[in-house]
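*Asks:* Structure for this input, please:
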Amino acid sequence: MWNAVLPDSRGRCLGEDGETDDGRGESDADLVHFLPSGPCCCGHTGPVVDSSWSPDGSTLCTISADQTCRLWGNPDGRCWREVGRPQVHGHDFSCVTFVSNDVYVSGSEEKVLRVFENSLTDERGARVRVKLPALGLSNVVCQDGAGTEEMEKEGATSAEGDFNNAHASITEEDLSQNTLWPEIRKLYGHGNDLHRVTADPKGRFVASSSRAQEPLSAAIIVWDTETWTEVARCAGHDLTVTCMDCMARDDGIDLLATLRDAGAGIPSLFELDACLETHAGIISAWAERAGNQLGAAANTGVAWLDPGAVILSGSLPRQVLEALGQHLQQPARWSSALDSLRLPQVHVSRLGGSAVSVGAALLPIHQLGADAIV
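*Replies:* Residues are numbered from 1 along each chain as shown. Next comes the predicted model:
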């Protein structure tokens, strides 16, 4: 799916021919978005059935009916290419999601979710060696103390090579033998073949669904990524849950939870002013993250409504709202697809936190002055 209102107007499209395409957005005076095809990531020999971006955006993970999981990167900034093949399976894949930059979860036509981690090291600090048994489905870590020659005879591999090096020469042999990731967990709970899996943006939870022909099997299972145990089972659907996504919600409640995690003992948003100086760094980082999400929403609103101004208000202190406004004012926040429009000015309401109580019963009307709102 293409998204033409992202700040950089880039997207990535998966095709049933096993290739992934990216493109750059362009627009004419009528805001018609044309996204010409860019470089292709070729390698899969079967339909690509699911994909997931790493949290830092540097790696794309794809799974295919060819029973391989592949990692794609753009280390030199010029060409997307395959940089890893962490999993080769005996069943057709159905779903995959990154949990962190070094952990992902995959599901296939079986009842088990499998968790893989690439940051495991041995007692010498080197990455552990991994092998795929000839009659098995799980990547396993070689036993400590095994000699290199013995491990090679057993088919062990190691991802010690720098496959993200822009100048590295990556061969098919390297990808198939030297980039396996260790499997660290199996998650049991579904009674039917896996269908979808997703992780929340902070990597705290994973949710999964299976194929279902009756309500009992259609339940969504939520897993805690610290203990890899089931923490909830969400029932309600009658048949297979075909799509799931965890949306980040960087609102005041999220800011409150973030400050509490950092040790701030504030019971509600009304006491947030007391943390503005003591936790300034945390609030600034949250404002930048929330500004990214707010920018995506603002791009969509401007494209459809062409407003004269954007006014920020809410229950947050004025100082926090002003920080959000500064992030939103940056040119990089706006899509190049909006170049033909006059970008609106961003203002912060003088009502401050009282806008919530006023807006519950009345509609605040702001008058735009020469330099600010009144």
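
*Asks:* Now do the same contact list for C95.
*Replies:* Residues in contact with C95 (CB atoms under 8 Å, 6 or more residues apart in numbering) are 49-50, 63, 106-107, 194-197, 208. Backbone N, C-alpha and C define where each C-beta goes, glycine included.

*Asks:* If we use 7 Å, what do you get?
*Replies:* Shown in contact with C95 (CB atoms under 7 Å, 6 or more residues apart in numbering): 50, 106-107, 194-197.

*Asks:* Now it: phi and psi?
*Replies:* phi -160, psi 160 (degrees, to the nearest 10).

*Asks:* and it, bridged to which residues?
*Replies:* Beta bridges link C95 to G107, judged by DSSP bridges.

*Asks:* ok, so what distance separates it from E271?
*Replies:* 42 Å (CB to CB, to the nearest Å).

*Asks:* buried ones in the helix ranked longest in the chain?
*Replies:* Assignment by DSSP state H gives helix 280-305 as the longest helix of the chain. Buried residues in helix 280-305, defined by neighbour count with 16 or more other CB atoms under 10 Å: 282-283, 286-287, 289-291, 294-296, 298-299, 302-303.

*Asks:* and which of those is nearest T45?
*Replies:* A296 (35.1 Å; CB to CB).

*Asks:* What part of this structure, helix or strand, is modelled with the least confidence?
*Replies:* strand 26-27 (a mean of 40; mean pLDDT, DSSP states H and E).

*Asks:* For stretch 91-107, measure first residue to last.
*Replies:* 9 Å (CA to CA, to the nearest Å).

*Asks:* next one: that stretch to chain centre, how far?
*Replies:* 12 Å (CA atoms, centre = their mean, to the nearest Å).

*Asks:* do stretch 184-199 as well
*Replies:* With CA atoms, centre = their mean, you get 19 Å for stretch 184-199.

*Asks:* Touching that stretch from outside, list them.
*Replies:* 94-99, 105, 107-117, 205-212, 217, 221, 223, 228, 230, 240-246.

*Asks:* picking that back up, could you tell me which of the contacts of C95 are located in strands?
*Replies:* 50, 106-107, 194-197 (DSSP state E).

*Asks:* Would you format those residues as CSV with pLDDT and neighbour count included?
*Replies:* Formatted as CSV, the ones in strands among the contacts of C95 follow (pLDDT from 0 to 100; neighbours: other CB atoms under 10 Å):
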residue, pLDDT, neighbour count
D50, 93, 20
S106, 94, 24
G107, 93, 27
L194, 93, 25
H195, 94, 22
R196, 94, 22
V197, 95, 26
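
*Asks:* Identify the farthest-apart pair in the residues you listed.
*Replies:* Largest pairwise distance in the ones in strands among the contacts of C95, by CB to CB, is 12.3 Å, between S106 and H195.

*Asks:* Which stretches in the stretch 151-300 of the chain count as helices?
*Replies:* Secondary structure of the stretch 151-300 of the chain (DSSP state H, counting those that start in this stretch): helices at 172-177, 252-261, 280-305.

*Asks:* Keeping just the C-alphas, turn the second one into PDB.
*Replies:* Extracted as PDB, the C-alpha positions of helix 252-261 are listed here (Å, rounded to 0.1, in the frame of the first residue of the first chain):
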ATOM      1  CA  GLY A 252      -1.400  13.000  27.400                       C
ATOM      2  CA  ILE A 253      -2.100   9.600  29.000                       C
ATOM      3  CA  ASP A 254       1.000   8.200  27.200                       C
ATOM      4  CA  LEU A 255       3.100  11.100  28.400                       C
ATOM      5  CA  LEU A 256       1.900  10.500  31.900                       C
ATOM      6  CA  ALA A 257       2.800   6.800  31.700                       C
ATOM      7  CA  THR A 258       6.200   7.700  30.300                       C
ATOM      8  CA  LEU A 259       6.900  10.100  33.100                       C
ATOM      9  CA  ARG A 260       5.800   7.500  35.700                       C
ATOM     10  CA  ASP A 261       8.100   4.900  34.100                       C
END
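
*Asks:* Buried ones in that helix, by neighbour count?
*Replies:* So, applying 16+ other CB under 10 Å, buried residues of helix 252-261: 252, 255-256, 258-259.

*Asks:* pLDDT (mean, whole number) over it?
*Replies:* Helix 252-261 shows an average pLDDT of 83 in the prediction.

*Asks:* and that helix, what does it pack onto?
*Replies:* helix 280-305 (3 or more CB pairs under 7 Å, 6 or more residues apart in numbering; DSSP states H and E).

*Asks:* Tell me which strands the helix or strand following the helix it packs on pairs with, and in which orientation.
*Replies:* Counting by DSSP states H and E, the next helix or strand C-terminal to helix 280-305 is strand 309-312. Sheet pairing of strand 309-312 (DSSP bridges) gives strand 345-348 (parallel).
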